[in-house]
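S.K.: What follows is a predicted protein model with its sequence.
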Number of protein chains: 4
Amino acid sequence: MPPFTYPSIVRLHLTDAAGILFFANYFVLAHEAYEAFVTSRGFSFRQILDSEPFMVPIVHAEGDYQAPLRVSDVITITVRLEKLGDTSYTLGYTIADSTGKSVAELKTVHVLVSKSAFEKIPLTPGMRTALESLK
Amino acid sequence: MPPFTYPSIVRLHLTDAAGILFFANYFVLAHEAYEAFVTSRGFSFRQILDSEPFMVPIVHAEGDYQAPLRVSDVITITVRLEKLGDTSYTLGYTIADSTGKSVAELKTVHVLVSKSAFEKIPLTPGMRTALESLK
Amino acid sequence: MPPFTYPSIVRLHLTDAAGILFFANYFVLAHEAYEAFVTSRGFSFRQILDSEPFMVPIVHAEGDYQAPLRVSDVITITVRLEKLGDTSYTLGYTIADSTGKSVAELKTVHVLVSKSAFEKIPLTPGMRTALESLK
Amino acid sequence: MPPFTYPSIVRLHLTDAAGILFFANYFVLAHEAYEAFVTSRGFSFRQILDSEPFMVPIVHAEGDYQAPLRVSDVITITVRLEKLGDTSYTLGYTIADSTGKSVAELKTVHVLVSKSAFEKIPLTPGMRTALESLK
């Protein structure tokens, strides 16, 4: 299965007075791609937040920035599965500019926890299938 | 009673590549002052969201921008009560630069609604007292 | 000419702990539609910021919120020209939910100013043509 | 020398519909503390952006989230110098809740580059002194 790709654009409010994408906003863009992936697999953040007994907080995030991005830059974000555990998964993201060159590599680690006690619980079969489609 | 004043600073991520505070972020700063006011009167957003049967969404917002703000600018936000209704209130905000000159005037209209039906309900006596302290 | 329409989705980071779209982020979404319009007419924020002697700050913004939006909500933003002056223009935005019902009406007033002195200057013919295409 | 500490509060717009601080906004808070540190040492982002031949982009960021933060939570951010190189430095941040318990550990790597060519250049003596005051 191919990784999930998501096209986007660097919007003005994500840049800062240095004229470039603010470092924390690379994570905002990565999460935007993640939300698009989740939706593409038939899941919904809304439904999880409203109706499921669990939530999936991010417990680790990291990013390497190789080149600056500027307002109006057209980008493509690729989402990959880096690791699939019993109660957690790690996603990798490459943000590429319009020439296809990678400008940033990011990673997020997600853990399934109960809403009641914030305790780790196993990933559902549906989640595993969706995530394995990214391998 | 004097209006509530709140000192702040223009942080980098609130600016954009035009080198100035992004227009929507004046509202972010005004709300920051509003949260400080609410806290100063012994209320808590956390407690309202967790435990009260109502919420207080903003139904109208407006801003006039008279001069640009830049990163690191020291500002003072003044919060005033502009109107107190049965189920709603209007707050006015002046954002002044370090010389005391107004650089933006903003307004937000808040309505008390039930969490269950999103229907208007009267302001509580405690809220009225807190708001009247701003007159 | 029809107004410009822009499809989007309510992303998680634009919502807040009240479970709804944070009021200032309606402006973020409106500006996202505005940037898409500008790009669709062959202009570029990047090019204006880098190479033009002018910038186009927003001097007024207002919004009326009729119904809450939640994470994952599919929305359509319509951009209209409300007023075209010599040195300024006013845009109107309707944010509609997936049923087509308006949930927010917003407005932004933009003024063309020189980068050097922040003084008003006339809209360029190219800008006028682009804006009149929205009428 | 003691590390730099910065008190803050979790503002509503930094939280999301899951009811907790959005993961990318821990970096926003860390950078807020960093800006306060820079200012406390007599430097200014504004002055660097306007007048210096260099800028200091972040080339790596990472965060570990140990416990969720909620709106109105009072926090303290501690900024430490983790590494001082010729052209770069690494800062570490601990975000602690009101009981002093660490809820997140973050790290940012900053590189001094020329504005003209985005090429690495040595840290200035003034920067080294400021950073060494954090050790």
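M.R.: Noted; the coordinates are in hand. Note that the structure is predicted; figures quoted are calculated from it, not measured.
S.K.: and chain A, which of its residues are near chain C?
M.R.: Proximity of chain A to chain C (CB under 8 Å from any CB of the partner chain) is limited to residues A:9, A:11-13, A:19, A:28, A:31-32, A:35, A:39, A:44-47, A:49, A:70-73. Every C-beta, even on glycine, is put in place using the N, C-alpha and C of the backbone.
S.K.: Please narrow these to those residing in strands.
M.R.: Assigned to strands by DSSP state E, the following of the residues of chain A next to chain C qualify: A:Ile9.
S.K.: what about burial for the residues of chain A next to chain C, which qualify?
M.R.: A:9, A:11-13, A:19, A:28, A:31-32, A:35, A:45-46, A:49, A:70-73 (16 or more other CB atoms under 10 Å in any protein chain shown).
S.K.: about what we covered before: if we check chain B, which of the residues of chain A next to chain C are in contact?
M.R.: A:Leu12, A:His13, A:Gly19, A:Arg70, A:Val71.
S.K.: Out of those residues, the closest to chain D would be?
M.R.: Nearest to chain D among those is A:Gly19, at 8.4 Å by CB to the nearest CB.
S.K.: Spatially nearest residue to that closest one, not counting backbone neighbours?
M.R.: B:Ala17 (4.9 Å; CB to CB, 6 or more residues apart in numbering or on different chains).
S.K.: So what does A:Gly100 have for phi and psi?
M.R.: The main-chain torsion angles of A:Gly100 are listed as degrees, to the nearest 10 and equal phi 90, psi 0.
S.K.: That one: how many residues sit nearby?
M.R.: As a burial measure, A:Gly100 scores 7 neighbours (other CB atoms under 10 Å in any protein chain shown).
S.K.: give the contact list for it.
M.R.: A:Thr76 (CB atoms under 8 Å, 6 or more residues apart in numbering or on different chains).
S.K.: Per-residue pLDDT of it, please?
M.R.: Confidence at A:Gly100, expressed as pLDDT, is 97.
S.K.: on that earlier part again, helix, strand or coil: sort out the residue nearest to A:Gly19 for me.
M.R.: coil (DSSP: H, G, I helix; E, B strand; the rest coil).
S.K.: That one touches A:Arg70, doesn't it?
M.R.: Yes. Assessed by CB atoms under 8 Å, B:Ala17 is found in contact with A:Arg70 at 6.7 Å.
S.K.: anything in contact with each of the two?
M.R.: Contacts common to B:Ala17 and A:Arg70, judged by CB under 8 Å, 6+ apart, are A:Thr15, A:Gly19, A:Ile20.
S.K.: Now do the contacts for the nearest residue to the first one once chain neighbours are set aside.
M.R.: Put plainly, it is A:Thr15. Once flanking residues are discounted, A:Thr15 sits nearest to B:Ala17: 3.9 Å by CB to CB, 6+ apart. By CB under 8 Å, 6+ apart, B:Ala17 lies in contact with A:Leu12, A:Thr15, A:Asp16, A:Ala17, A:Gly19, A:Ile20, A:Arg70, A:Val71, C:Phe45, C:Leu49.
S.K.: Please tabulate these in JSON lines and include pLDDT as additional columns.
M.R.: Shown next, in JSON lines, are those (pLDDT from 0 to 100):
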{"residue": "A:Leu12", "pLDDT": "97"}
{"residue": "A:Thr15", "pLDDT": "98"}
{"residue": "A:Asp16", "pLDDT": "97"}
{"residue": "A:Ala17", "pLDDT": "96"}
{"residue": "A:Gly19", "pLDDT": "94"}
{"residue": "A:Ile20", "pLDDT": "96"}
{"residue": "A:Arg70", "pLDDT": "97"}
{"residue": "A:Val71", "pLDDT": "97"}
{"residue": "C:Phe45", "pLDDT": "92"}
{"residue": "C:Leu49", "pLDDT": "93"}
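S.K.: Quick one, grab the pLDDT at A:Gln47.
M.R.: Confidence score, pLDDT, at A:Gln47: 91.
S.K.: Enumerate every residue touching it.
M.R.: C:Ser72.
S.K.: quick one: it and C:Thr39, what's the gap?
M.R.: Per CB to CB, to the nearest Å, A:Gln47 is found 33 Å from C:Thr39.
S.K.: now do A:Leu131
M.R.: Going from A:Leu131 to C:Thr39 by CB to CB gives 34 Å.
S.K.: Distance to D:Leu106 for the shared contacts of B:Ala17 and A:Arg70 - can I get that in a markdown table?
M.R.: Shown next, in a markdown table, are the shared contacts of B:Ala17 and A:Arg70 (distance: CB to CB, whole Å):
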| residue | distance to D:Leu106 |
| --- | --- |
| A:Thr15 | 22 |
| A:Gly19 | 24 |
| A:Ile20 | 20 |
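S.K.: So which of those is the closest to chain B?
M.R.: Using CB to the nearest CB, these come closest to chain B at A:Thr15, 3.9 Å.
S.K.: contacting residues around that closest one?
M.R.: So A:Thr15 contacts A:Leu21, A:Phe22, A:Asn25, A:Arg70, A:Val71, B:Asp16, B:Ala17 (CB under 8 Å, 6+ apart).
S.K.: Let me know the closest of these to A:Val103.
M.R.: A:Leu21 (8.9 Å; CB to CB).
S.K.: Tell me what the closest one is bridged to.
M.R.: A:Thr15 (DSSP bridges).
S.K.: for A:Phe54, same thing?
M.R.: Assigned bridge partners for A:Phe54, using DSSP bridges, are A:Ser114.
S.K.: Which pLDDT value belongs to it?
M.R.: So A:Phe54 comes in at 94 (pLDDT).
S.K.: tell me the contacts of it?
M.R.: A:Ile48, A:Leu112, A:Val113, A:Ser114, A:Lys115, A:Ile121.
S.K.: mind putting those residues in a markdown table, neighbour count and distance to C:Lys135 included?
M.R.: A markdown table is the format used below for those (neighbours: other CB atoms under 10 Å in any protein chain shown; distance: CB to CB, whole Å):
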| residue | neighbour count | distance to C:Lys135 |
| --- | --- | --- |
| A:Ile48 | 18 | 43 |
| A:Leu112 | 21 | 51 |
| A:Val113 | 19 | 52 |
| A:Ser114 | 13 | 54 |
| A:Lys115 | 14 | 50 |
| A:Ile121 | 14 | 56 |
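S.K.: and of these, the nearest to chain B?
M.R.: Among those, and counting by CB to the nearest CB, the member closest to chain B is A:Lys115, at 13.3 Å.
S.K.: give the contact list for that closest one.
M.R.: A:Lys115 neighbours (CB under 8 Å, 6+ apart): A:Glu52, A:Pro53, A:Phe54, A:Met55.
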